[in-house]
Structure formats: structure tokens, C-alpha cells
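Enquirer: Build the 3D model from these lines:
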Amino acid sequence: MTTRRKFLQTAGVGAVAAPLAAPAIAQSTITWRMQTYAGPALAEHVVKPAIDMFNKIAGDRMQIELYFADQLVPTGELFRAMQRGTIDAVQSDDDSMASPTEVTVFGGYFPFASRYSLDVPVLFNQYGLNEIWDEEYSKVGVKHISAGSWDPCHFATKEPINSLADLQGKRVFTFPTAGRFMSQFGVVPVTIPWEDVEVAMQTGELDGIAWSGITEDYTVGWADVTNYFLTNNISGAWAGSFFANQDRWNELPEDLQTLFRVCCDQSHYYRQWWYWGGEAQLRVEGTKMQLTTIPDEEWATVEAKAMEFWDEIAQESEVKARVVSIIKKYNEDMMKAGRPYRYS
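Expert: Numbering: from 1, shown residues only. Below is the predicted model of the structure:
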């Protein structure tokens, strides 16, 4: 933490933090620091290929130095660091980076807002969420570049979860909004640095994790410190975005802005198939975690509470009410469309 604080104090006045892999660049090259919410193993899939692609194509014109979770600043300080310009860009959900906007509560896992990963880009690109996010971030000096989906949210635990009663008192690492929602079922949300989660599971500080699907559990090592995977999920896909300091974004030539957007889209596409295939394959072929399930009729009470939660959030502001109305409209449309979009 001392190192992170020192970085924040000295960034912009000559101090340069060492990047993960510093390329040889020309003196005129535009350089950005970008930090992701993801740790090293996960970043290899969710962001690094896109940034490597950008750097290869941009060459001497621009290079992005990629940092992993909590490497420069804690994830909860990402927004403020980007807003101040001490880092230039961020990949995260709104919720985790403590964004001071009206849409923050919808980042990460907003309970049952989506069933499938494709729901997220459709909500943003066809149902109007992009425009709302752009409006909200423009107010605070940050450019919302592109939103995409990640994996569904499941519980990975030490002890088996076969009923809602089994969740009582379980200390779980999760996202702020997901924790707020699940606390009514006895879950005790715990916030610690992402990199400390595996050790916290081993020491007993945590009883479980509700941060990801099974693909991440295996990829980042959490499947090695948990025994059970609950097949019921509280959301079909994590919603996250690429962001940049508005001034830094405005300084880029239009073609570099376009290149960055294209690489973001490539990242979104990669995650679509990587997670979708991985979630199924590891449930079928994975050997590290035993699957458990809460019966549908009991889990239906959780889904019903989510609808009440949506209405509660909608009452907090006009912007939140707009977003909730879009999510409701979308899910109603999907139900009317029927298979393969929705079915009972």
C-alpha cells in the first residue's frame, strides 16, 4: 500500500512506475497506463490479448502499459485515480471501482438482470444503456468506451450449499451490489483485495466466493481452495467496461480511438466464447469441485426478491429508474420471444 500511495503522490511529476513488459518505444510515442480489475492469470484471457493486439498494431505511435488487479492502486480507488489522470485507462465494472455515478449499482452483477452473456451487449447497444452510461460518465470527466459481458455469478464454497438455509452466516467475497442483495438471505459480504482471496479461503477468513463462474474458479486457483460449486446463479453475466480519462481520450487521434474500440470489441468477443464454453466444459469434465443445486422452487423465492430489489433501486433516482425500466422491458421482450431467448 505504501508503494501505491507513493505512486499516486508522484505520478505526473516525473516518477514512472515499471510496467509489466516495457517495450522499446520512441520518444514521441503516446504511452498510457491501464489497470484491470483482474489478476495475472485471469487477465491473460480477459484483457491482455486485446492490449497486446493494440500495441502491435499501434507500434511507435502508442503503447499501453497493462497492470493487474491492485498493482498500482486498489481496485476500489481505480475510478479516482483515472479521473485524476494518475492512470489513463481502466477495465472494471462500475461497482468494484467505486464509480460515483448513478449507474454504479448496475455494474458487475445486478441480480437477475441477465440470463445469458449476450444479454449485456444487447442491453447496451440496442436498448439504450450505452447512451445513459455515456451521459453519466461525461459528467465526471471519464470516457465510457465499451461495455461487455463476462461470466455468470455462482457461489464456490468450502461446505455444500443445498438450500437457502445453508447460506446463513457464510462469509463471502463478492461485489458490493451482489452482497447487498444476498445479505437478506444470511450471506455476510466480505471485501478484501482480490489477490488475498485464495489465502483467505485457506485460513478460514472466508467461507465462500460469489465473484465468478466456474471458468474463473479454475483459472485463478479458487477451485483449489473450495470444494463445492452451486449451479444456481444470481446473474447470467457480469457487466464490465473499458474506461479512460476524458482528457487523455480526447487527445488521441481519431484512428487510435477507433483502434482502441476495435480491440475492446475483440476482447468482448473472446470472452463470449471463452466463458460460454468453459462454464459448460468444466461442469461436465472438471474434477476439483462437486456441483450442488438449490431446488428450483426454493430458488424462485430469490428471483422474486430480485424484482423487489429492482423496484427499490429504481426509487433512488431518476437515472436508476430509467435503467431499471430498460432491464424490465428487455426481460419482458425476451420472455415473449420464447425459445431460445427465454423459457420457464
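Enquirer: Now do the phi/psi pair for Ala50.
Expert: When read as degrees, to the nearest 10, the backbone of Ala50 gives phi -70, psi -40.
Enquirer: Look up the closest residue to Leu72, ignoring the ones flanking it.
Expert: Excluding its sequence neighbours, the residue lying closest to Leu72 (C-beta to C-beta, 6 or more residues apart in numbering) is Gln35, at 5.3 Å. Yep, even glycine has a C-beta here, placed from its N, CA and C like the rest.
Enquirer: so that neighbour makes contact with Glu77?
Expert: No. Applying C-beta atoms under 8 Å as the test, Gln35 and Glu77 come out as separate, 9.9 Å apart.
Enquirer: After whichever helix or strand Val262 is part of, heading C-terminal, what element do we hit next?
Expert: Using DSSP states H and E, the element containing Val262 is helix 254-285. Following helix 254-285 in sequence order, the next helix or strand is strand 290-292 (DSSP H and E).
Enquirer: about what we covered before: settle it for me: which of Gln35 and Glu77 has more neighbours?
Expert: Gln35 (28 against 19; other C-beta atoms under 10 Å).
Enquirer: Now do the SS call for the more buried one.
Expert: Counting by DSSP: H, G, I helix; E, B strand; the rest coil, the backbone at Gln35 sits in strand.
Enquirer: mind checking which helix or strand Trp211 is in?
Expert: strand 208-212.
Enquirer: Which elements pack onto that strand?
Expert: strand 153-157, strand 171-174, helix 176-182, helix 197-203 (3 or more C-beta pairs under 8 Å, 6 or more residues apart in numbering; DSSP states H and E).
Enquirer: give me that answer again for 6 Å
Expert: strand 153-157, strand 171-174 (3 or more C-beta pairs under 6 Å, 6 or more residues apart in numbering; DSSP states H and E).
Enquirer: What's opposite Pro189 in the beta bridge?
Expert: Beta bridges link Pro189 to Val172 when assigned by DSSP bridges.
Enquirer: neighbours around it, how many?
Expert: The number of residues near Pro189, taken as other C-beta under 10 Å, comes to 18.
Enquirer: Next one: it from Arg80, what distance?
Expert: 22 Å (C-beta to C-beta, to the nearest Å).
Enquirer: In this structure, what residue spans correspond to helices?
Expert: 2-10, 40-46, 48-58, 78-84, 119-125, 129-138, 176-182, 197-203, 214-219, 246-251, 254-285, 296-314, 318-337 (DSSP state H).
Enquirer: which other residues reach the strand holding Trp211?
Expert: Asp151, Cys153, Phe155, Ala156, Thr157, Lys170, Val172, Phe173, Thr174, Trp222 (C-beta atoms under 6 Å, 6 or more residues apart in numbering).
Enquirer: Reformat these as a markdown table; add neighbour count.
Expert: Below are the contacts of strand 208-212 laid out as a markdown table (neighbours: other C-beta atoms under 10 Å):
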| residue | neighbour count |
| --- | --- |
| Asp151 | 26 |
| Cys153 | 23 |
| Phe155 | 27 |
| Ala156 | 26 |
| Thr157 | 24 |
| Lys170 | 21 |
| Val172 | 22 |
| Phe173 | 24 |
| Thr174 | 26 |
| Trp222 | 23 |
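Enquirer: min pLDDT across those, which one?
Expert: Least confident of the contacts of strand 208-212 in the model: Thr174, at 94.
Enquirer: excluding its backbone neighbours, what's nearest that one?
Expert: Taking C-beta to C-beta, 6+ apart as the measure, Thr174 lies nearest to Ala210, with 4.1 Å between them; neighbours along the chain are not counted.
Enquirer: give me the number of residues near that neighbour?
Expert: 25.
Enquirer: re the thing from before, partner strands of the strand holding Trp211, with direction?
Expert: strand 153-157 (antiparallel), strand 171-174 (parallel).
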